[in-house]
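Engineer: Show me how the following folds:
(chains A, B, C and D)
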There are 2 protein chains.
Amino acid sequence: MKFSTRTTYGLRAMIYLSKYWQKEKISIASIAKAEGISSKYLERLFAKLKKEDLIVAEKGSSGGYALARDPKEVTVFDIVKSLEGKMSPFHCVDESGKVYCGKNCKCGATLVLVKVQKAINDTLKGIKLKDISK
Amino acid sequence: MKFSTRTTYGLRAMIYLSKYWQKEKISIASIAKAEGISSKYLERLFAKLKKEDLIVAEKGSSGGYALARDPKEVTVFDIVKSLEGKMSPFHCVDESGKVYCGKNCKCGATLVLVKVQKAINDTLKGIKLKDISK
DNA sequence: ACTATATCCTACTAATTTAGTTGGTATTTT
DNA sequence: AAAATACCAACTAAATTAGTAGGATATAGT
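Structural biologist: Now for the predicted structure:
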């Protein structure tokens, strides 16, 4: 089991943006270069972040991206969720923690899955973007 | 991000075995049938569990598998780890929690990864096989 | 108006991982 | 000897992830 690099790339880009919060707009090209990420790939990740209103964009020359909200108020959960899609890392358990696997819904295994899912989400919700951008 | 079905399959099989702890040996065929898992696939998962000494096997007719240790003493972490390989769900962070990514090792993103990894592992270590096999 | 620099959009490709299959061999009980 | 079991290696199929290609669209500065 591996988390995708999307999460790490996205976090790094958001940290980068938070350094310019209420200062400058930043282009994908410059973030990609600074962080060593494919700019075309980062482009696609930014589409997701924008769709969830975590960042705002301005087109055209001297355009770029900026955080949509104060880094003090954005949680890492918000970011990871927008990049990874639904935060339900198991096939049997949906996002709300409800178990719906076909075969044997009351099996002890799902107790584990639900706890792990909750542990991950609680951890992510407990960290603000501000906390990790110094 | 999804955990693989291996984890769930393996847990369910181990729960199944724990019901027969110090009673009977159980064949893969019967577990696979009862749990609705491909028996050939389960075979391969059992190879991993055996390699980590979580189960013991006896060959031949009337052979089968049994838990190697008391379900009170086996943690879910032991099981998941043997199935998933290393419990380092991020590319930047090794199993011990050490960060070793090439580019920017001190970046704030790794703080998140380390915390999530710890949260998962602590959760898994806190659950005994016995706890989930009623 | 032109040009350079951006975001935005869609489709394709490559690599990796996961899940499952095929076809056996070795061992033990009956 | 036959049946049932674990054991083993190689292959295939499906899904996901990572990355690329090739543009269209919008804006600022000249």
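
Engineer: near DNA strand C, anything from stretch A:6-18?
Structural biologist: No. Looking at stretch A:6-18 against DNA strand C by Cβ under 7 Å from any atom of the strand, there are no contacts, and the closest approach is 10.5 Å. C-beta: built from backbone N, CA, C; applies to glycine.

Engineer: Grab the CA positions of that stretch and hand them over as CSV.
Structural biologist: Taking only C-alpha atoms (Å, rounded to 0.1, in the frame of the first residue of the first chain), the coordinates of stretch A:6-18 have been written out as CSV:
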residue,chain,number,x,y,z
ARG,A,6,-0.1,13.3,-5.9
THR,A,7,-0.5,13.9,-2.2
THR,A,8,3.1,14.9,-1.7
TYR,A,9,3.3,17.0,-4.8
GLY,A,10,0.1,18.8,-3.9
LEU,A,11,1.1,19.5,-0.4
ARG,A,12,4.5,20.8,-1.5
ALA,A,13,2.8,23.1,-4.0
MET,A,14,0.3,24.4,-1.5
ILE,A,15,3.1,25.0,1.0
TYR,A,16,4.9,26.9,-1.7
LEU,A,17,1.8,29.0,-2.5
SER,A,18,1.3,29.8,1.2
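
Engineer: Show me what that stretch is in contact with.
Structural biologist: When contacts are defined by Cβ atoms under 8 Å, 6 or more residues apart in numbering or on different chains, stretch A:6-18 is touched by residues A:26, A:31, A:34-35, A:37, A:41-42, A:45-46, A:48-49, A:54-55, A:65-67, A:71, A:74, A:76, A:79-80, A:82-84, A:129-130, A:132-133, B:1, B:90-92, B:104, B:107-109, B:112-113.

Engineer: and if we set it to 7 Å?
Structural biologist: The contact list for stretch A:6-18, computed with Cβ atoms under 7 Å, 6 or more residues apart in numbering or on different chains, reads A:26, A:31, A:34-35, A:37, A:42, A:45, A:49, A:55, A:65-67, A:71, A:76, A:79-80, A:83-84, A:129, A:132-133, B:90-92, B:107-109, B:112-113.

Engineer: which residues are contacting the helix or strand hosting A:Lys81?
Structural biologist: When elements are assigned from DSSP states H and E, A:Lys81 belongs to helix A:76-84. Helix A:76-84 has contacts (Cβ under 7 Å, 6+ apart) with A:6-7, A:10-11, A:14, A:45, A:48-49, A:52, A:54, A:87, A:121, A:124-125, A:127, A:129, B:1, B:112.

Engineer: near chain B, which residues of chain A show up?
Structural biologist: Taking Cβ under 7 Å from any Cβ of the partner chain as the measure of proximity, chain A contacts chain B at A:1-5, A:8, A:11-12, A:15, A:36, A:76, A:84, A:89-92, A:103, A:107-109, A:111-113, A:115-116, A:119-120, A:123-124, A:127, A:132-134.

Engineer: which of the residues you listed are buried?
Structural biologist: Neighbour counting over those (16 or more other Cβ atoms under 10 Å in any protein chain shown) leaves A:1, A:3, A:8, A:11-12, A:15, A:76, A:84, A:89-92, A:107-109, A:111-113, A:115-116, A:119-120, A:123-124, A:127, A:132-133 as the buried ones.

Engineer: just checking, next helix/strand downstream of the least confident helix or strand in chain A by mean pLDDT?
Structural biologist: Evaluated with mean pLDDT, DSSP states H and E, the helix-and-strand set of chain A has its lowest mean pLDDT in helix A:108-125, which scores a mean of 91. Once the chain leaves helix A:108-125, the next helix or strand it forms, by DSSP H and E, is helix A:129-132.
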